[in-house]
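S.K.: I'll drop the sequence and a predicted model, then ask my questions.
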Amino acid sequence: MKKALIISPYFVPSNAPDMQRIRMSLPYFKEFGWEVEIVSCHPKYYETITDPILLKTIPSDTKIHHVSAFNKRLTSKLGLGSLALRSLWFYKKKVNQILKYKKFDLIYFSTTQFPVCILGPYWKRKFNIPFVIDLQDPWHTEYYRNRPKEEQPPKYWFSYRLNKWMEPLALKQCNGLISVSLQYIHDLHERYNQLKNVPFEIITFGFSEIDYAIAKHLNSAELETNKLKLKYIGVLGKMMNISLTSLFTAANEIPNFDKDFKLIFKGTSYDNNSNEKKAINIASRIGNFDIEEQSKRIGMINVLAELENSDGLIILGTDDPSYTASKIYPYIQSEKPILAILHTQSSAYHILNDITSATVIPIDASSIEMTNKLDLFLEQVKSKKKLVVDHEKFKNFSAKSLTQKQVELFEKSLAFKQVY
């Protein structure tokens, strides 16, 4: 049986989005001929919320190595707050020790803490071990470069230059790439010609039957209402202002919308200490709505419970065609009516149209189309109509199926290692 060492700075009990793929894959790696061990930072260094219930979703014999990280209170003074940068030296030291005494066939970086990936070429040279990088988000991107400063992420000047410098150091030497979006791969091929021969696989996020079984025993918590509940679960970044504004504008045209429906937004901020009400702020400029918003992030299993305790679900996209909504698969799994506002080139747009009866609206749709389709969705909610799902196609997005796709890419990457 082959062995892979997985680098994931955040891991259970963290609820960070970028470790969910590995977490959901762990029960199935052995079935496809691979043993894996995890190297993550110790939970005491996490800034994300933790969710101990996630420990129930991974095999009890999972081997997890923990590394340290520099204290954020100290490194932040230098502008270095990310877990990747704070743990980089400790990762190098710990993994050197592991690889010195134990043989692994592959190193697998599955994280959006991208700076740790620069250790891939170092370990490849030192121990002759190929490595694969999982791009769940773009590492270096030009998306924000010409945007107004208020729309750019914090410390954009620094992060833009750091990512532009670091990305080629790692990617030019990798043996395989996994991406949630084909557009990410196209961008990399344009940027680095040598990557055109590197094996890659498009592997979206998926759903876990194990998670769903646990979630059935949990309850969601919100203010009581007799109205039909429409829920959006997830961060509301500035990139979503267009779709959010379109939603409220269309809802304002629906007679008695505020009397019949309650809008619930949860987990809307990246910052758990933030009290900003992003949805409420936009809605208040458009009309009167019954809205409840909780900015604090909620655990993945609790997300599933929230979806169950709803009458209809909302998915909001961005004007970036490469954006893919990670939670569309749990949304589909719930079989609740879905309204999605997405870029027509987004993979989520095509997946929802292909395998479900969801009401999917182009992000640039006219106000008339937006209102008409919202009205159609609301009628489905009122009639308690279940989402129609092509379950044969939906199986392709199960955690087990997506694990198989990962190991198939592993095998291709091992064969490719002799090219260098």
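M.R.: Here it is on my side, so go on.
S.K.: Check whether the closest residue to Ser295 other than its chain neighbours sits in a helix, strand or coil.
M.R.: Excluding the flanking residues, the one nearest Ser295 by C-beta to C-beta, 6 or more residues apart in numbering is Ser269, at 4.0 Å. Heads up, the C-betas are built off the backbone N, CA and C, glycines and all. The three-state label given to Ser269 by DSSP: H, G, I helix; E, B strand; the rest coil is coil.
S.K.: Let me see the contact set for Ser269.
M.R.: Taking C-beta atoms under 8 Å, 6 or more residues apart in numbering as the contact definition, Ser269 lies against 235-236, 276, 278, 295-297.
S.K.: tally of neighbours for Ile129?
M.R.: Close neighbours of Ile129, defined as other C-beta atoms under 10 Å, add up to 20.
S.K.: what's the spacing between the residue nearest to Ser295 and Lys277?
M.R.: Distance of Ser269 to Lys277, given as C-beta to C-beta, to the nearest Å: 9 Å.
S.K.: Now the common contact residues for these two.
M.R.: Ser295.
S.K.: Check which helix or strand Tyr232 maps to.
M.R.: strand 228-233 (DSSP states H and E).
S.K.: can I assume Phe70 is in contact with Leu83?
M.R.: No: assessed by C-beta atoms under 8 Å, Phe70 is found out of contact with Leu83, at 9.9 Å.
S.K.: residues in contact with the helix or strand of the chain with the lowest mean pLDDT?
M.R.: The helix or strand of the chain with the lowest confidence, counting by mean pLDDT, DSSP states H and E, is helix 72-75 at a mean of 69. Applying C-beta under 8 Å, 6+ apart, the contact partners of helix 72-75 are 45, 47, 81, 85-86.
S.K.: Output it as CSV - backbone C-alpha positions only.
M.R.: The C-alpha trace of helix 72-75 is given here as CSV (Å, rounded to 0.1, in the frame of the first residue of the first chain):
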residue,chain,number,x,y,z
LYS,A,72,0.6,35.6,16.3
ARG,A,73,0.8,38.5,18.7
LEU,A,74,4.5,38.8,18.0
THR,A,75,4.6,38.1,14.3
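S.K.: residues touching Ile361, list them.
M.R.: Counting by C-beta under 8 Å, 6+ apart, Ile361 touches 246, 339-342, 369-370, 373-374.
S.K.: Could you give the bridge partners of it?
M.R.: Ile341 (DSSP bridges).
S.K.: what pLDDT does it get?
M.R.: pLDDT recorded at Ile361 is 97.
S.K.: just checking, what packs against the strand of greatest length in the chain?
M.R.: If you go by DSSP state E, the chain has its longest strand at strand 34-41. Counting by 3 or more C-beta pairs under 8 Å, 6 or more residues apart in numbering; DSSP states H and E, the packing neighbours recorded for strand 34-41 are strand 2-7, strand 63-67, helix 83-101.
S.K.: Report the angle between the first one and strand 63-67.
M.R.: Here the directions of strand 2-7 and strand 63-67 differ by 30 degrees (axes from the mean of the first three to the mean of the last three C-alpha atoms, to 10 degrees).
S.K.: Extract the C-alpha set from the helix or strand following strand 2-7 and format it as PDB.
M.R.: Note on strand 2-7: by DSSP H and E, the next helix or strand toward the C-terminus is helix 20-25. Taking Å, rounded to 0.1, in the frame of the first residue of the first chain, the C-alpha atoms of helix 20-25 are listed here in PDB:
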ATOM      1  CA  GLN A  20     -12.700  19.800   4.700                       C
ATOM      2  CA  ARG A  21     -11.600  17.900   1.500                       C
ATOM      3  CA  ILE A  22      -9.000  15.900   3.400                       C
ATOM      4  CA  ARG A  23     -11.300  15.400   6.400                       C
ATOM      5  CA  MET A  24     -14.100  13.900   4.300                       C
ATOM      6  CA  SER A  25     -11.600  11.800   2.300                       C
END
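S.K.: domain parsing for the protein?
M.R.: Domains of the chain are assigned by automatic domain parsing as 2-206+398-419, 210-394.
S.K.: for Ser413, what are its contacts?
M.R.: 106, 130, 132, 175-176, 199.
S.K.: rerun at 6 Å
M.R.: 130, 132, 175-176, 199 (C-beta atoms under 6 Å, 6 or more residues apart in numbering).
S.K.: Compute the number of surrounding residues for the residue nearest to it when sequence neighbours are not counted.
M.R.: Among residues not flanking Ser413 along the chain, Gly176 sits closest, at 3.2 Å (C-beta to C-beta, 6+ apart). Each residue near Gly176 was counted by other C-beta under 10 Å, and the total is 25.
S.K.: roughly how far apart are Gly176 and Phe109?
M.R.: 10 Å.
S.K.: repeat for Glu369
M.R.: Using C-beta to C-beta, we find Glu369 at a distance of 42 Å from Phe109.
S.K.: So between those two, which is more surrounded?
M.R.: Neighbour count, other C-beta under 10 Å: between Glu369 and Phe109, Phe109 has more, with 24 against 13.
S.K.: hang on, isn't the more buried one packed against Cys117?
M.R.: Yes: at 4.8 Å, Phe109 and Cys117 qualify as touching, with contact defined as C-beta atoms under 6 Å.
S.K.: what touches both of these two?
M.R.: Joint contacts of Phe109 and Cys117 (C-beta under 6 Å, 6+ apart) are Ile133.
S.K.: Distance to Leu74, mean neighbour count and mean pLDDT for the helices and strands packed on strand 34-41 - can I get that in CSV?
M.R.: Supplementary listing: the helices and strands packed on strand 34-41 in CSV, determined by distance: least, C-beta to C-beta, whole Å; neighbours: other C-beta atoms under 10 Å; pLDDT from 0 to 100:
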stretch, distance to Leu74, mean neighbour count, mean pLDDT
strand 2-7, 24, 21, 98
strand 63-67, 17, 15, 98
helix 83-101, 9, 17, 96
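S.K.: hey, where'd the helices end up in the stretch 101-250 of the chain?
M.R.: All helices of the stretch 101-250 of the chain, identified by DSSP state H, counting those that start in this stretch, fall at 119-127, 156-171, 182-191, 209-215, 241-251.
S.K.: from these, which stretch is densest packed?
M.R.: helix 241-251 (a mean of 20; mean count of other C-beta atoms under 10 Å).
S.K.: hang on, the earlier thing: can you tell which of the helices of the stretch 101-250 of the chain is closest to Leu26?
M.R.: Of all the helices of the stretch 101-250 of the chain, it is helix 209-215 that lies closest to Leu26, at 9.9 Å by C-beta to C-beta.
S.K.: pull the CA atoms of that closest one into CSV?
M.R.: Only the C-alpha atoms of helix 209-215 are listed here, as CSV (Å, rounded to 0.1, in the frame of the first residue of the first chain):
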residue,chain,number,x,y,z
GLU,A,209,-22.9,10.9,4.0
ILE,A,210,-21.0,10.5,7.3
ASP,A,211,-21.5,14.2,8.1
TYR,A,212,-25.2,14.1,7.1
ALA,A,213,-25.9,11.1,9.5
ILE,A,214,-24.4,13.1,12.4
ALA,A,215,-26.1,16.3,11.5
